[in-house]
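**Student:** Here is my input; please provide its structure:
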Amino acid sequence: MRYLEIEKNYSAHTILNYKLDLKDFKKFCGEIEFEKIDYLFLRKYLAVLKEKSLGNRSVGRHLSTLRSFFRFLTRENYLKTNPILMLSSPKLEKHLPSFMTEAEVAKLIESAFAKDDKDERGLRDRAILETFYSSGLRISELVGLDLSDVDFISGIVKIMGKGKKERIVPIGDAALTTIRKYLEKRKKKSEVIFLNKNYKRITTRGVRDIVGKYLKSSGSRPGISPHSLRHSFATHLLNRGADLRTVQELLGHANLSTTQIYTHLTTEKLKSVYDKAHPHA
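**Tutor:** Below you'll find the model as predicted:
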């Protein structure tokens, strides 16, 4: 755990997941010595995970934890050979991320309408939605925003992303204007940008509840979630000509393969490209 925290710089959330997975594996191992763990033993553990009716994604996460663990054990010479090298992960079904059209996003943001310029909570909610869509942040990244992270003149935001990696992303004028209005009308001054009703830093659950409320009131389609705003941000950029590498940087993805799920395009975009490009269209 110290290695994951200090050398790998993993987040507290990721480290907790590793702990839980390893605790489960330790329970399965019983009294067996680590030197005696082999490919067949690991196959049995894989079968036990499947019997628990875990999905392929959950099983894959358990195996990812064990891969990292056994790699550590062999590197530190606790084991001579790595028994998990031959074990393959279950194939994951690739789901296209749910995203909203530009019109649906506009309707969602408009639904968070401040009754007047003194409506602090309405301004905050609208600022949250505008910031989400403007910069494609994860919920945890939005929650962690402080005033010192936002350059209102240059229109950029400093983000502390996964693995405690910093990145710089642009933020649009609409979001900056709404944030300014919210901060001006807020009764309590604070370095934290988004506060809850008790004037403490808002939680990820609090943000999910807020976005969920407006998704419901704006009549969003089934399957659309708070995270869909991030998906929409990426999809709309690609649809309007942004390249995949730039979108990867903006989203804070470590690997380009993660960003490639956004190469799906709307049916309208596919149709227009087909009509222009195909000789018999």
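**Student:** Please make it C-alpha for all contacts and neighbour counts, starting now.
**Tutor:** Noted.
**Student:** Make sure Lys158 is indeed in a strand.
**Tutor:** Yes. Applying DSSP: H, G, I helix; E, B strand; the rest coil, one finds Lys158 inside a strand.
**Student:** What segments of this protein are strands?
**Tutor:** Here the chain has its strands, by DSSP state E, at 150-151, 156-160, 166-170.
**Student:** domains for this protein, by residue range?
**Tutor:** The record's domain parsing of the chain by automatic domain parsing lists 2-75, 102-270.
**Student:** give the contact list for His253.
**Tutor:** By CA atoms under 8 Å, 6 or more residues apart in numbering, the contact set of His253 is Thr259.
**Student:** and it, what pLDDT?
**Tutor:** Note for His253: predicted pLDDT of 85.
**Student:** could you say what helices and strands the biggest helix by length in the chain packs with?
**Tutor:** Counting by DSSP state H, the longest helix found in the chain is helix 56-75. If you count contacts as 3 or more CA pairs under 8 Å, 6 or more residues apart in numbering; DSSP states H and E, helix 56-75 packs onto helix 12-29, helix 39-51.
**Student:** I'd like those helices written out as TSV, with mean neighbour count, mean pLDDT and distance to Ser148 added.
**Tutor:** Shown next, in TSV, are the helices and strands packed on helix 56-75 (neighbours: other CA atoms under 10 Å; pLDDT from 0 to 100; distance: least, CA to CA, whole Å):
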stretch	mean neighbour count	mean pLDDT	distance to Ser148
helix 12-29	14	91	23
helix 39-51	14	89	45
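**Student:** Which of the ones you listed sits closest to Leu238?
**Tutor:** Leu238 lies closest to helix 12-29 among these, at 29.6 Å (CA to CA).
**Student:** so what secondary structure elements neighbour the closest one?
**Tutor:** So helix 12-29, by 3+ CA pairs under 8 Å, 6+ apart, packs with helix 56-75.
**Student:** Please compute how far the helix it packs on lies from its chain's middle.
**Tutor:** Helix 56-75 has its C-alpha centroid displaced from the chain centroid by 21 Å (CA atoms, centre = their mean, to the nearest Å).
**Student:** swap in stretch 222-231?
**Tutor:** On CA atoms, centre = their mean, the centre of stretch 222-231 falls 11 Å from that of its chain.
**Student:** what do you get for stretch 218-232?
**Tutor:** 14 Å.
**Student:** Please export the C-alpha coordinates of it as CSV.
**Tutor:** Extracted C-alpha coordinates of stretch 218-232, given in CSV (Å, rounded to 0.1, in the frame of the first residue of the first chain):
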residue,chain,number,x,y,z
SER,A,218,-35.5,18.9,-18.2
GLY,A,219,-37.0,15.6,-19.4
SER,A,220,-33.7,13.9,-20.3
ARG,A,221,-33.8,10.5,-22.0
PRO,A,222,-33.4,7.2,-19.9
GLY,A,223,-29.7,6.2,-19.5
ILE,A,224,-28.5,9.8,-19.2
SER,A,225,-26.5,10.4,-16.0
PRO,A,226,-24.4,13.2,-14.5
HIS,A,227,-21.3,11.6,-16.1
SER,A,228,-23.1,12.0,-19.5
LEU,A,229,-22.1,15.7,-19.5
ARG,A,230,-18.4,14.6,-19.7
HIS,A,231,-19.3,12.2,-22.5
SER,A,232,-21.2,15.0,-24.3
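**Student:** Quick check: phi and psi on the residue nearest to Gly206 when sequence neighbours are not counted?
**Tutor:** Residue nearest to Gly206 in three dimensions, not counting chain neighbours: Asn196, with 7.6 Å by CA to CA, 6 or more residues apart in numbering. Note on Asn196: backbone dihedrals following degrees, to the nearest 10 are phi -90, psi -170.
**Student:** So what's the residue count around Asn196?
**Tutor:** 13 (other CA atoms under 10 Å).
**Student:** returning to what we had before: same list (the strands of the chain) but as JSON lines, adding mean neighbour count, distance to Thr235 and mean pLDDT.
**Tutor:** Converted to JSON lines, the strands of the chain look like this (neighbours: other CA atoms under 10 Å; distance: least, CA to CA, whole Å; pLDDT from 0 to 100):
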{"stretch": "strand 150-151", "mean neighbour count": "17", "distance to Thr235": "24", "mean pLDDT": "94"}
{"stretch": "strand 156-160", "mean neighbour count": "19", "distance to Thr235": "20", "mean pLDDT": "91"}
{"stretch": "strand 166-170", "mean neighbour count": "15", "distance to Thr235": "16", "mean pLDDT": "91"}
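**Student:** Thank you kindly, that will do.
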